[in-house]
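[1] Show me how the following folds:
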Amino acid sequence: MGSPKSTGEPKRIAQWIHLKKDRVEEYKQCHAAVWPAVLEQIKDSNIVDYSIFFDASRSVLFASFKYVGTDWDADMAAMAANPKVQEWWSMTDGMQTSPVDGALGSYAASQGAPSWWGQTEEVFRFDG
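    Below is the predicted model of the structure:
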């Protein structure tokens, strides 16, 4: 994913990925008890208002969050350098199938490989 431009307001990001049908319950269980070190790194990397939704009919996960930092590349490098985050990604990547051609995993994406999660474009917004 490219670097979000800082406009002084949060950058809203939405992503999607396939969840393996035989791993749904395991995925839900691990996300019911996310490791504190992972949550702390998400916060330290300036990500807020983070949610993951599941569409059972298509076995698709949809994630949305806001990035409130000013240096996306540095914040994502810090995320990728965290050994607990790497361990988490290794565990959860095994439960997913990427929709992105050539994707190798979350850590590989942080090192320049294609994004593991499919990226989306915001086409409507109402803050009213």
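
[2] could you say what helices and strands the strand or helix carrying E25 packs with?
    Taking DSSP states H and E as the criterion, E25 maps to helix 24-31. On a contact count with 3 or more C-beta pairs under 8 Å, 6 or more residues apart in numbering; DSSP states H and E, helix 24-31 meets strand 47-55, helix 83-93. For glycine as for every other residue, the C-beta is placed from the backbone atoms N, C-alpha and C.

[3] how about the ones you listed in JSON lines, adding mean pLDDT?
    Putting these into JSON lines (pLDDT from 0 to 100) gives the following:
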{"stretch": "strand 47-55", "mean pLDDT": "98"}
{"stretch": "helix 83-93", "mean pLDDT": "97"}
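
[4] Out of these, which one sits most buried?
    Among the helices and strands packed on helix 24-31, helix 83-93 has the highest mean neighbour count (mean count of other C-beta atoms under 10 Å), at a mean of 16.

[5] Read off the pLDDT value for D127.
    D127 carries a pLDDT value of 87.

[6] what's the burial count for it?
    If you count neighbours by other C-beta atoms under 10 Å, D127 ends up with 4.

[7] same deal with S115?
    By other C-beta under 10 Å, the residues close to S115 number 19.

[8] Assign it to helix, strand or coil.
    coil (DSSP: H, G, I helix; E, B strand; the rest coil).

[9] Looking at strand pairing, list the partners for K11.
    Y67 (DSSP bridges).
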